[in-house]
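A.B. asks: got a predicted structure here, sequence first:
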Amino acid sequence: MEDQSSKQTYGLSTPSMHLLLNEFPLNQVESREIIDKILLSFKDVPGGLMVILNEIQSQIGYISQPIQEYISAILNIPVSTITGVVSFYSFFTTKPRGDHTIKFCMGTACYVGGTPQLMRKAEQILDIQTGDTTPDNHITMEVCRCVGSCSQAPVVVVDEQLYGRVRPSKIPPLIREIMKTYEDS
Amino acid sequence: MIPITINGKQYDVPEGKTLLRVAQDLGITIPSLCDHPDLTPHGGCRLCDVEVKGLRNPIAACTLPVSANMEIMTETEDLQDARKTILELMLVNYHGPLSIENGKTNYFLKWCQQYNVDVQNKMRKEPKYKVDSDPNPFIRVDLNQCILCTRCIRACAEIQGRFVWGMANRGIENQIIAGSGVPLLQARCESCGACVDYCPTGALGHKPSFGAGSSEKKVQTTCSFCGVGCNFDLNVKNDQVIKITPNPNAPVNGKHLCVKGRYGYKFINHPDRLKQPMVREYLLQDGQKNSQEIGPWVEVDWDTALTIVAKKLIQIKHESDPDSIGLLTSAKCTNEENYLMNKLSRQVIGTHNIDHCARLCHSSTVSGLAMSFGSGAMSNTVQDIVDHAESIFIIGSNTTEQHPVIGSKIRQAIIRRKVKLIVADPRKIDIAEFSSIYLRHKAGTDVALINGLMHIILENNWQDQQYIDERCENFEEFKATLAGYSPEIVSSITGISVNDLIKTAEMMAAHKPMAVFWAMGITQHSTGVLNVLTLANLQMLLGNMGVPGGGVNPLRGQNNVQGACDMGGLPNVFPGYQTVTSQDFIDKFNLAWQTKSSSGKHDNELSIKPGLTSTEMIPMALDGKIRALYIMGENPLVTDPDVNHTRKCLQACDFIVLQEIFPSDTSAFADVLLPGVSFAEKDGTFTNTERRVQLVRQAITPKGSAKPDWEILSNLANKILNEEQREITGEFAGWDYKNASEIMEEIGALTPSYAGINYDRLNHGESLHWPVKDSQHPGTPILHIGSFTRGKGKFHPTEHIDPKEMPDEEFPLLLTTGRVLYHWHAGEMTRRSSDLLEVYPGAYIEVHPEDAIKYGIRQNQQITLNSRRGTTRGKALITDRVSPGLVFANFHFPGEQNTNNLTIAALDPVAKIPEYKVCAVKLVIE
Ligand code: SF4
Ligand code: SF4
Ligand code: FES
Ligand code: FES
């Protein structure tokens, strides 16, 4: 939810479609085609919004603010409603994810168990903020809610793999492990 | 009625309401937060939980319909405990000041107090969100005080129809967001303030009045911006308006307001206000005017100023003749003042040369509708249309920006009653997104478009033949001209596909009654009268006249432009449209206003020839036929077409008196400036676009030595009559009014349609639409029921004619002009309301993206438009609201930003309205 007040001078009128279509990723022919196809197929299906969001999330990889505005304009649904849904479910993301994600559990047990320290360590090494993706697109850092393994707090989930009782010293090797896949190729 | 028991007591209550509403009606308090009578029930906060016999768990009263024999307890100990817990849970995320009255009432804190919740200790210790987090200059957002009741979300959607607010995230992170989580204005907020009014806490506040404290008195009055005629309360402290609050008794708008009405009051106290009469120095010396250099202003007292004006007007009147003087009255002033201007002109000076800005906005409507129906005003009321129309056709009205409260009422009708909306406009205006069909026809092709639709209607026999046979005339001639408007031909003229034409005609025929709304997009053409006649034809053809939910509904622009017309502020009619070309009316007014001078002869012999229109009067200054102008509250140097020409004309005048509240552009050419007052400083009445007469009440004392305009006019008239030694002999010839109410009595006596209107009735809350025939008559909300004012409705054959100036090689773009939400006309008031100016600080010119690429211009870049007549500058606003080849600019800013440097003074032959809506320009980059 970054401040974009500088972008538009006169916020009164209907967002101008041409401004929207200049924004990433709508300005990429390929992404536009994918999104348009999804919108077209499910536009008139009852409950179609959920399906559309699911499809866009899996085919584009995220549902950023311009995409939300675009869906809103095409389906004639207030954008606040769409943002509401996107922000409600944790499986929707508003930013592109990297090839790999590291999730830090923010459940009470893990939080108390030291998640903040783990995050700080990872942020230092990767030089990004939690929620962001490394410039090379390899790793995304995220927080998540309790994953149900409180007994092993603090918990970190790398892609689908769960790691328990993680100490800050464990973070560098974890990251190295991920980066190895790139060196090999 | 069904019996129910509340707290052990029996009541008979109406069915079909919720328990909460029933209890409120009975005066029983059930605490509630997320519920509001104007909004759909939500059932989210559970503060209104009550115990119902037979149910195991408490249940929310706000969503529970009452049923027979229900037994309800509203304040048991368990309920009280539960409520305390609910409030305490809300406090976990709450942080804010403890005072209940902080600009507005905090109902959440009120309930906390009632249920003994220790707010100070239970609330969050520090704020979680930034306080005052949104840059919108009107809406103050403090999410720390938000209790997630969703009232703002529902208010914005259901009242304003804008859907700005929503709810994001979940659990502890739950919060309200604007749009996709962006600043309000970017989320398309129209700053109407509805969400603030419905928010039960301090989470949303009115920024302009934040911290202004509570008022000493509230005065109900009528808004002075547009013709909707909203009522509200001026809140006064230390003789200043500190804020404006809605008044639920307001007949037109209820509690709803728009940004100008609610927040645009700062101009009242602006330092620029004129506070002392001023005359040019030469008038105090030898009286010789230097036509090159008009000389400095000198402040004088009222007597000096008025004596100068009186002597000068008499001198010109005798040197030339009364018809060498012209008067511009004002659609911003009250009915009483307009009546007096008309009397000053006709009785005291002796000329019919009186006109006002209606010439520039709806003169074509007045002429056209008078020809078709015999009455040139809006035929139905807004509420009637919102309640009964099956479809609404908006053509040439940017309703949500120009008449915002009517715009939101139309949106409400669409949301609540699924009314069909058809919008035809060269620009894709905001209301188009609510339409079932949107037609982007080429500017200046309205007659062709409507004739094409009527062609299709007739071809399919969808017309209301019985209605036509019984109530209308001239049908056959009219029908014959439609033959030339086949869908194919019309499609090529208008740019609308044949398919869309057929769909539109079909929808109009299938959804009756249909109400038509229009404004300047129809009237400001050299074919303005033809456009209006064509729309009148359409409504007769479909049988939509004189029925609830139908009608012709020209939206009047100024707060009192209807009244200024009604009061004889036109060159061809006395008050109440009694024509000056009829000897009977001439005799009537000669007698009523009769004066005798010492020589013993009648002074007022009114001519039977109409006077000059404003668009004729001003140019005639150039050849000396008009020597003096008396202008009240108008600014022709900004609003007239081709203002470069207007400037020369004003310069050529011998003598100009300007009665104003601000030094406008026109004052540079005035010889005398008389300080009038704003609507907050005087009493009177305004007549809104629905012909509804409403009170304007004085709330504060006039600034400096400024005077209510009716007082200025009376003093001047008395001066002239004295000077000329004329004795008052007619019953209504005198000018000694003690108050505005007395003037209304005189109006009623001389104006049949206002005969039953007086301040007593208005003060008792009666809402009267003229004609009001006598003091018992209830007024006439819907015109033309049973028969038309002129008897039969008359069909007029009309033909498409191209606008006077079309794009060509040298001037390849078509310019159309208009207004924007945040400003008002020449901008004298809104440019002096700092918050409005902050949102919309200067002239923007709308350019289509394709043209932007063609000319290589970026968003916000300074661009220049040239026409054959002049130049204007502004920032490019690149948008697909306009179509390729079309540019749009507004006329709120003076000087080099003024669009009327470009516009053409091509006049409609009948109404003399200029063609503001179409001219040819070229775009230049600096
Ligand atoms: S001010 Fe009006 S338009 Fe803006 S968010 Fe509030 S209700 Fe909606
Ligand atoms: S801002 Fe006010 S109205 Fe909106 S949800 Fe919060 S408390 Fe309710
Ligand atoms: S709190 Fe982290 S797994 Fe439950
Ligand atoms: S008022 Fe009934 S649940 Fe909020």
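C.D. replies: Received the coordinates, thanks. For clarity, every value in this text was computed on a predicted model and none was experimentally measured. Residues are numbered from 1 along each chain as shown, chains lettered A, B, ... in the order given. Ligands and ions are numbered 1, 2, ... in the order given.

A.B. asks: so residue B:596 is in which element?
C.D. replies: strand B:595-597 (DSSP states H and E).

A.B. asks: what's that strand packed up against?
C.D. replies: strand B:726-728 (3 or more CB pairs under 8 Å, 6 or more residues apart in numbering or on different chains; DSSP states H and E). Where you see a C-beta, it was placed from the backbone N, CA and C, and this is true even at glycine.

A.B. asks: partners of the strand it packs on, with directions?
C.D. replies: According to DSSP bridges, strand B:726-728 has the following sheet partners: strand B:595-597 (antiparallel).

A.B. asks: which residues touch the closest residue to residue B:868 other than its chain neighbours?
C.D. replies: Closest residue to residue B:868 apart from its sequence neighbours, by CB to CB, 6 or more residues apart in numbering or on different chains: residue B:811 at 7.0 Å. By CB atoms under 8 Å, 6 or more residues apart in numbering or on different chains, the residues touching residue B:811 are B:866-868, B:920-922.

A.B. asks: out of those residues, which is most surrounded?
C.D. replies: Of all the contacts of residue B:811, the most densely surrounded is residue B:921 (27 neighbours; neighbours counted as other CB atoms under 10 Å in any protein chain shown).

A.B. asks: now name the helix or strand holding that one.
C.D. replies: strand B:919-925.

A.B. asks: give me the contacts around that strand.
C.D. replies: By CB under 8 Å, 6+ apart, strand B:919-925 touches B:803, B:805-808, B:810-815, B:847, B:851, B:855-857, B:861, B:863-868, B:887, B:902-904.

A.B. asks: and these, which are buried?
C.D. replies: B:803, B:805, B:807, B:811, B:813-815, B:847, B:851, B:855, B:857, B:863-867, B:887, B:902-904 (16 or more other CB atoms under 10 Å in any protein chain shown).

A.B. asks: please flag which of those sit within strands.
C.D. replies: When DSSP state E is applied, the buried ones among the contacts of strand B:919-925 are split such that B:813-815, B:847, B:863-866, B:887 fall in strands.

A.B. asks: please convert these to JSON lines, extending it with pLDDT.
C.D. replies: Below are these laid out as JSON lines (pLDDT from 0 to 100):
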{"residue": "B:813", "pLDDT": "93"}
{"residue": "B:814", "pLDDT": "90"}
{"residue": "B:815", "pLDDT": "90"}
{"residue": "B:847", "pLDDT": "92"}
{"residue": "B:863", "pLDDT": "93"}
{"residue": "B:864", "pLDDT": "92"}
{"residue": "B:865", "pLDDT": "93"}
{"residue": "B:866", "pLDDT": "91"}
{"residue": "B:887", "pLDDT": "92"}
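
A.B. asks: number of nearby residues for the residue in the stretch 751-900 of chain B positioned nearest to ligand 1?
C.D. replies: Distances between the stretch 751-900 of chain B and ligand 1 by CB to the nearest ligand atom are smallest at residue B:821, namely 10.5 Å. The local packing of residue B:821 (other CB under 10 Å) involves 24 other residues.

A.B. asks: part of a helix, is it?
C.D. replies: No: counting by DSSP: H, G, I helix; E, B strand; the rest coil, one finds residue B:821 to be coil, located in no helix.

A.B. asks: if I read this right, it contacts residue B:259, doesn't it?
C.D. replies: Yes: shown here, residue B:821 and residue B:259 form a contact pair, counting by CB atoms under 8 Å, at 6.6 Å.

A.B. asks: so the residue nearest to residue B:868 versus ligand 2, what's the distance?
C.D. replies: 51 Å (CB to the nearest ligand atom, to the nearest Å).

A.B. asks: the residue in chain A that ligand 4 sits nearest to: what's it in contact with?
C.D. replies: Nearest residue of chain A to ligand 4 (CB to the nearest ligand atom) works out as residue A:84 at 19.4 Å. Residue A:84 makes contacts with B:166-168, B:177, as judged by CB under 8 Å, 6+ apart.

A.B. asks: swap in 6 Å and give it another go.
C.D. replies: B:166-168 (CB atoms under 6 Å, 6 or more residues apart in numbering or on different chains).

A.B. asks: possible to save those as JSON lines with distance to ligand 3?
C.D. replies: JSON lines is the format used below for those (distance: CB to the nearest ligand atom, whole Å):
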{"residue": "B:166", "distance to ligand 3": "29"}
{"residue": "B:167", "distance to ligand 3": "26"}
{"residue": "B:168", "distance to ligand 3": "23"}
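
A.B. asks: nearest to residue A:168, of those?
C.D. replies: For those, the residue nearest residue A:168 by CB to CB is residue B:168; the value is 32.4 Å.

A.B. asks: which residues are in contact with the lengthiest helix in chain B?
C.D. replies: Identified as the longest helix of chain B according to DSSP state H is helix B:302-319. Residues from elsewhere that reach helix B:302-319 (CB under 6 Å, 6+ apart): B:277, B:279, B:283, B:627-628, B:655, B:657, B:672, B:715-716, B:719-720, B:723.

A.B. asks: now stretch B:30-49
C.D. replies: B:20, B:23, B:58, B:60-63, B:74, B:83, B:86, B:111, B:149-151, B:154, B:158, B:198, B:200.

A.B. asks: do stretch A:49-64 as well
C.D. replies: A:31, A:34, A:38, A:42, A:86, A:92-96.

A.B. asks: ok, and the most crowded of these?
C.D. replies: residue A:86 (26 neighbours).

A.B. asks: what's the mean pLDDT across stretch B:274-282?
C.D. replies: The average pLDDT within stretch B:274-282 is 95.

A.B. asks: what does that stretch contact?
C.D. replies: B:289, B:294-300, B:302, B:305, B:308, B:671-675, B:703-706.

A.B. asks: got the contact list for residue B:646?
C.D. replies: B:636-637, B:640.

A.B. asks: format those residues as TSV; extra columns: neighbour count.
C.D. replies: Below are those laid out as TSV (neighbours: other CB atoms under 10 Å in any protein chain shown):
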residue	neighbour count
B:636	26
B:637	23
B:640	27
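
A.B. asks: and those, which is closest to residue B:143?
C.D. replies: residue B:637 (46.8 Å).

A.B. asks: now the closest one: how far from residue B:337?
C.D. replies: 22 Å (CB to CB, to the nearest Å).

A.B. asks: picking that back up, report the two of the contacts of stretch A:49-64 separated the most.
C.D. replies: Maximum pairwise distance among the contacts of stretch A:49-64 (CB to CB): 23.3 Å, between A:42 and A:95.

A.B. asks: just checking, which of the contacts of helix B:302-319 belong to strands?
C.D. replies: B:279, B:628, B:655, B:657, B:672.

A.B. asks: quick one: residues contacting the fourth one.
C.D. replies: To tie it back to what came earlier, the one meant is residue B:657. Counting by CB under 6 Å, 6+ apart, residue B:657 has contacts B:309, B:630, B:672.

A.B. asks: so what's the residue count around the first one?
C.D. replies: One way to gauge burial is a neighbour count; for residue B:309, by other CB under 10 Å, it gives 26.

A.B. asks: measure it to residue B:330 for me?
C.D. replies: Taking CB to CB, one finds residue B:309 at 17 Å from residue B:330.

A.B. asks: same check, this time on residue B:154
C.D. replies: From residue B:154 to residue B:330 the distance is 40 Å (CB to CB).

A.B. asks: between those two, who's got more neighbours?
C.D. replies: residue B:330 (25 against 21).

A.B. asks: my guess is the more buried one meets residue B:633, correct?
C.D. replies: Yes: using CB atoms under 6 Å, residue B:330 makes contact with residue B:633 at a distance of 3.4 Å.
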